[in-house]
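K.L.:
need a structure here:
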Amino acid sequence: MAQSPLSCYCCAIHCRAVMLDHVRQANAGVTRALNAALEEASGVYIARMDADDLARPERFARQVEVLDAQPGVVALGTQFQLMDPQGRALYVLPVPCDHSSIDARLMQFQSLSILHPSVMIRAEAITKAGVYDSAYLYAEDIDMFLRLAEVGELRNLDEVLMDYRLHLMSIGNCNRSQQQLSAWKAGKAAAKRRGVPFLTPKPEHDHYVRRKSDTWPMCGWRALGAGNVATARYYAYRSLFHNPLSRHNWWLALIAARGY
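P.N.:
Purely as a prediction, here's the structure:
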């Protein structure tokens, strides 16, 4: 049976981090991997990160500094820049910094309200909230954050401290309908625990599966808007080569060639 490294978590104590890439288990899904890593983790704070993402040098120090100063915050994420699978800079996707905005968006199954691979969480808060729940397939992070929000505050720093690799055929693309349904169920369960109405409508099943070629123009325009001209040109030319009859692709290629 395939073995996979559990490099999902690291422990941070006074800015000292220990990656758990030595922990291995049979490939049994994301939720079990996350929980196995939590069992091995030790320390005051637990920092989440995927192996193919990049943390800016000051990330852990800044998160520890804020968590030390604000004991009411139980989970702290960061702003992040999206990059493509090859590491080309795309654009910064802003996320809210305050607890109420993050929590409200999570209740509406918006998974990027607080980026899972960017968070640092108080270990004692996880003990109170409980571990990841496999019942929420592809949305175990949203369920976890909603439970943490019932223990303390969720926050995002207003600094870009992560480079998040955007895989064009990721879970969010290939299993979007299942992810949204699980996230909706997590919100419904949170509303029941809190004793508040849950007014978010159940998401309709989306039969559409986004192809890589569908995302190329979007990546080109977003990269151009962020000033990442080289990336914009790369995706403009890919889009044009794939569909040379598209006026939209020609316009993107022209603007990207000019660099503005």
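K.L.:
going by C-alpha atoms from here, please, whenever you check contacts or count neighbours.
P.N.:
OK.
K.L.:
quick one: residue 182 and residue 188, what's the gap?
P.N.:
Going from residue 182 to residue 188 by CA to CA, to the nearest Å gives 10 Å.
K.L.:
what's the answer for residue 137, then?
P.N.:
In this view, residue 137 and residue 188 are 15 Å apart by CA to CA.
K.L.:
mind showing which ranges of this protein have poor pLDDT?
P.N.:
Applying pLDDT under 70 to the chain picks out residues 1-28, 111, 168-174, 206-210.
K.L.:
give the other helices and strands that the longest strand belonging to it contacts.
P.N.:
In the chain, with assignment by DSSP state E, the single longest strand is strand 153-165. Helices and strands touching strand 153-165, by 3 or more CA pairs under 8 Å, 6 or more residues apart in numbering; DSSP states H and E, are strand 54-55, strand 73-83, helix 99-107.
K.L.:
which parts of the protein are helices?
P.N.:
Per DSSP state H, the chain carries helices over the ranges 30-40, 59-69, 99-107, 123-129, 140-148, 171-174, 176-194, 212-225, 229-242, 247-258.
K.L.:
return the most buried member of these.
P.N.:
Compared across the helices of the chain, helix 140-148 shows the largest average neighbour count, a mean of 24 (mean count of other CA atoms under 10 Å).
K.L.:
and it with strand 153-165, angle?
P.N.:
If you take axes from the mean of the first three to the mean of the last three CA atoms, to 10 degrees, helix 140-148 sits at 160 degrees to strand 153-165.
K.L.:
packing partners of helix 140-148?
P.N.:
Secondary elements touching helix 140-148 (3+ CA pairs under 8 Å, 6+ apart): helix 99-107, helix 123-129, helix 176-194.
K.L.:
can you put the ones you listed in CSV and add distance to residue 259?
P.N.:
What follows is the helices and strands packed on helix 140-148, written out as CSV (distance: least, CA to CA, whole Å):
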stretch, distance to residue 259
helix 99-107, 35
helix 123-129, 47
helix 176-194, 33
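K.L.:
and residue 155, which of these is closest to it?
P.N.:
helix 99-107 (5.4 Å; CA to CA).
K.L.:
now the closest one - C-alpha only, CSV.
P.N.:
This file holds the C-alpha atoms of helix 99-107, laid out as CSV (Å, rounded to 0.1, in the frame of the first residue of the first chain):
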residue,chain,number,x,y,z
HIS,A,99,-13.5,37.4,13.1
SER,A,100,-17.1,38.3,12.2
SER,A,101,-16.4,38.6,8.5
ILE,A,102,-14.4,35.3,8.4
ASP,A,103,-17.1,33.4,10.3
ALA,A,104,-19.9,34.8,8.2
ARG,A,105,-18.2,33.8,5.0
LEU,A,106,-17.5,30.3,6.4
MET,A,107,-21.2,29.9,7.2
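K.L.:
for residue 59, which non-adjacent residue is closest in space?
P.N.:
In this structure, residue 59 finds its nearest non-sequential neighbour in residue 161, 5.3 Å apart by CA to CA, 6 or more residues apart in numbering.
K.L.:
now residue 95
P.N.:
residue 113 (5.7 Å).
K.L.:
what's the burial count for that neighbour?
P.N.:
The number of residues packed near residue 113 is 23, by other CA atoms under 10 Å.
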